[in-house]
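1. Could you work out the structure for the sequence below:
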Amino acid sequence: MKIPELLLNHRIRKEAYRMISLLLLLISSSCHQDVKVEKIPFNTLMQLQFKKDIAIARVYLDSIKQDPSIKSNFINSRIYFKKAEPLLSFLDVENYGFLNQPNILKVEEEDYTDIKIKSPGGYQVLEEEMYADSLNVDEVIKQTELISNRLNLVQENISFKHLKTYHFLWLFRKAIIRIALTGITGFDSPVLENSLEDSKVIYKSLQTYLPMLEDEFNNSNLLNSWNTEINATLTDLQGDFNSFDRYHFIKNHTHKQLDLWNQTVTDWNVKFPFELAIKNNAISLFSTDTFNINYFADQNSSTTTPEKIALGKKLFYDTNLSNNKQMSCATCHQPEKAFTDGLKISKGVSRNSPTLLYAALQQDFFYDKRAGGLEGQIINVVENKNEFHTDLETLEKTVVSDSTYTKKFSKAYPNRKINNNDIRNAIASYIRSLLPFDSKFDNNINGTESTLTRNEIDGFNLFNGKAKCATCHFAPLFNGTVPPDYKESEMELIGVPKYKDTVNATISDDLGRFYIYKTPERKHFFKTSTVRNVSKTAPYMHNGVYNTLEEVMDFYNRGGGAGIGIHQQYQTLPPVSLQLSEQEIENIIAFMKTLEDKTMKY
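-> Okay, here's the model as predicted:
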């Protein structure tokens, strides 16, 4: 063994011994002569485990600075970071986000006076630097120091004191969901594609936490069931990244673990103070009972009710709300076309009409994210001179003057007068009801059908693996709202061409997000839309440039805009071919067609 390796192993052992000594000191401090040792709280045990994992991750980072060419030090540091991930990602979302962010320039736009441009940093960036064709030692050391300093900040400041059993259950479930929806897709291991090994590390970490809460289990068989299931999961997390069967992993493991999780909630008699993005009783990731719709709604939005939905539906189809009495919301969002209009560019506007199905399960609206909520989006439509061409006051007067609305409003919003806020909320409530989750794919992964073909299953696995589609279109929504926290809907620059051309291609004239704050680094950025019901929503892209899914897949397979000669500094797609065969492309398209909902009448 080389001297640097000996020194490294010595430092790791020293750090581990230091943590064990702290634990022994803690135990001894709670002891008195002839007095029974008190049980150490689970959050204290977790804190010790966490600090040990972070400390060792930093030891390996320090070794990178000594010799950046030894890639195993990066891999080992990342292993210990992944061991700490379940706790870190729950207790310190901001620092976890920094440490695990993609190697893409980050732009934060609050308003015209508060625009921040941040260079990326963290393990993903370091991975790309370590495994680049030529090693940039200065950049590697810079990224290593950034990560190490941030881990030190976390280690010194993170608090476990407030951690209760329901917090643990939430973080435990969050880790399971992250593995299913981003972990096994290669989202945070873009070069090494080390997702399966990462996932095993995280499951082993979760398995380490469970005995710390052994006393919470009233049914000891339930703890055994968890260990049996995790061991079976570890066995199945084998093989090549591209050939891994993600469909059966989610169906046979993730969903089983959600069921076990709910059994644990009952066994521990845990009461949650509120719900996060995923409902507390969810047992599937692909169901109408998966998401807490209120989590995605404006803070001032009232609870959705059947009466509000019915009222909103009537308003949605009412052409009297527009200035010329000829346009309604349904003009551009027709149910038979999955709430699109089938046009390349919608009438009176400059972009293609996106589907409203599942639109409520995102954080921003319009292709350029200029509206932060459904009610805000409706204001834009009402005031747009090429759409409703009116204003909120006139909208309110129009509804008040129609006696057919009086009774419906009194039921939906009792004890108050009709007002524009409630009008917009009713329409938004109807849109929030458009979450069918009854596609062929949903029914199969939930076990209520067994009709998927081998090609369709392979297509899902390619979509979430080799083709990297799911690193932007995250299951189960297949849009850009990032799981498992669902706090951000991503924007991408993929280089969509002006015309369907692969020889002399030029980028679309539409500058997208740039028009909102005039940030140069946001030119040609657009929100990632959903792939659900994509078989019904042609033509595709914000400008409707592609008429078929085959054309769309050809664009992505070439490497996006870069693959057809459109070179943009901030393109977020890897600018290289996906190397997909014709059969693989056919399988991906076959899978996407299984996402067509059976219920098309709303």
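
2. now stretch 216-227, how far from the chain's geometric center?
-> 30 Å (Cα atoms, centre = their mean, to the nearest Å).

3. residues contacting the nearest residue to Asp111 once chain neighbours are set aside?
-> Excluding the flanking residues, the one nearest Asp111 by Cβ to Cβ, 6 or more residues apart in numbering is Tyr517, at 7.7 Å. Quick note: C-beta positions are derived from backbone N, CA and C, even for glycine. By Cβ atoms under 8 Å, 6 or more residues apart in numbering, Tyr517 lies in contact with Glu109, Asp111, Tyr112, Ile115.

4. List buried residues within those.
-> Using 16 or more other Cβ atoms under 10 Å as the burial test, these include Glu109 as buried.

5. Mind putting the contacts of Tyr517 into TSV with pLDDT, secondary structure and distance to Thr144?
-> TSV is the format used below for those (pLDDT from 0 to 100; DSSP: H, G, I helix; E, B strand; the rest coil; distance: Cβ to Cβ, whole Å):
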residue	pLDDT	secondary structure	distance to Thr144
Glu109	94	strand	30
Asp111	88	strand	35
Tyr112	88	coil	36
Ile115	95	strand	29
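
6. Could you break the chain into its assigned domains?
-> 1-162, 164-273, 294-432, 461-593 (automatic domain parsing).

7. Let me have these in a markdown table, adding distance to Ser439 as columns.
-> Below are those laid out as a markdown table (distance: least, Cβ to Cβ, whole Å):
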| stretch | distance to Ser439 |
| --- | --- |
| domain 1-162 | 29 |
| domain 164-273 | 14 |
| domain 294-432 | 10 |
| domain 461-593 | 7 |
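
8. Out of these, which is closest to Asp442?
-> Closest to Asp442 of the domains of the chain, according to Cβ to Cβ: domain 461-593, at 8.0 Å.

9. Need the distance between the two termini of the closest one.
-> Domain 461-593 has an end-to-end distance of 14 Å (Cα to Cα, to the nearest Å).

10. weakest of the domains of the chain in terms of mean pLDDT?
-> For those, mean pLDDT drops lowest on domain 1-162, to a mean of 85.

11. returning to that earlier point: next one: the residue nearest to Asp111 from Glu109, what distance?
-> Tyr517 is 5 Å from Glu109, where distance means Cβ to Cβ, to the nearest Å.

12. Verify the stated contact: Ile230 with Tyr203.
-> Yes: with contacts counted by Cβ atoms under 8 Å, Ile230 reaches Tyr203, the gap being 5.3 Å.

13. intersection of neighbour lists for these two?
-> Residues touching both Ile230 and Tyr203 (Cβ under 8 Å, 6+ apart): none.

14. Counting neighbours, go ahead and name the busier of those two.
-> Tyr203 (23 against 20; other Cβ atoms under 10 Å).

15. Following element in sequence after whichever strand or helix holds that one, please.
-> Assigned by DSSP states H and E, Tyr203 belongs to helix 195-209. Beyond helix 195-209 in the direction of the C-terminus, DSSP H and E gives the next helix or strand as helix 220-236.

16. Residues contacting stretch 61-81, please?
-> Residues from elsewhere that reach stretch 61-81, judged by Cβ under 8 Å, 6+ apart: 4, 8, 11, 53-54, 56-60, 99, 123, 126-127, 130-131, 135, 137, 140-141, 144-145, 147-148, 151, 192, 194, 198, 201.

17. Filter those down to the buried ones and hand me the ChimeraX line.
-> Buried subset of these, written as a ChimeraX selection, criterion 16+ other Cβ under 10 Å:
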select :8,11,53,54,56,57,58,59,60,99,123,126,127,130,140,144,147,148,151,192,194,198,201
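
18. Helices - which of the contacts of stretch 61-81 land there?
-> Among these, the members found in helices (DSSP state H) are 4, 8, 11, 53-54, 56-60, 99, 123, 126-127, 130, 137, 140-141, 144-145, 147-148, 151, 198, 201.

19. Please enumerate the helices of the stretch 201-350 of the chain.
-> Taking DSSP state H, counting those that start in this stretch as the test, the helices found in the stretch 201-350 of the chain are 220-236, 246-249, 255-268, 293-296, 306-316, 329-332.

20. got TSV for these, with distance to Asn547 too?
-> Output for the helices of the stretch 201-350 of the chain, formatted as TSV (distance: least, Cβ to Cβ, whole Å):
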stretch	distance to Asn547
helix 220-236	40
helix 246-249	29
helix 255-268	36
helix 293-296	32
helix 306-316	28
helix 329-332	19
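
21. closest to Leu169 out of those?
-> The closest of these to Leu169 is helix 255-268. By Cβ to Cβ, the value is 6.2 Å.

22. Run the chain-centre distance for that closest one.
-> In terms of Cα atoms, centre = their mean, the centre of helix 255-268 is set 23 Å apart from its chain centre.

23. May I see the buried residues of it?
-> Within helix 255-268, the residues that count as buried by 16+ other Cβ under 10 Å are His255, Lys256, Gln257, Leu258, Leu260, Trp261, Asn262, Thr264, Val265, Asp267, Trp268.

24. Kind regards, and thank you for your time.
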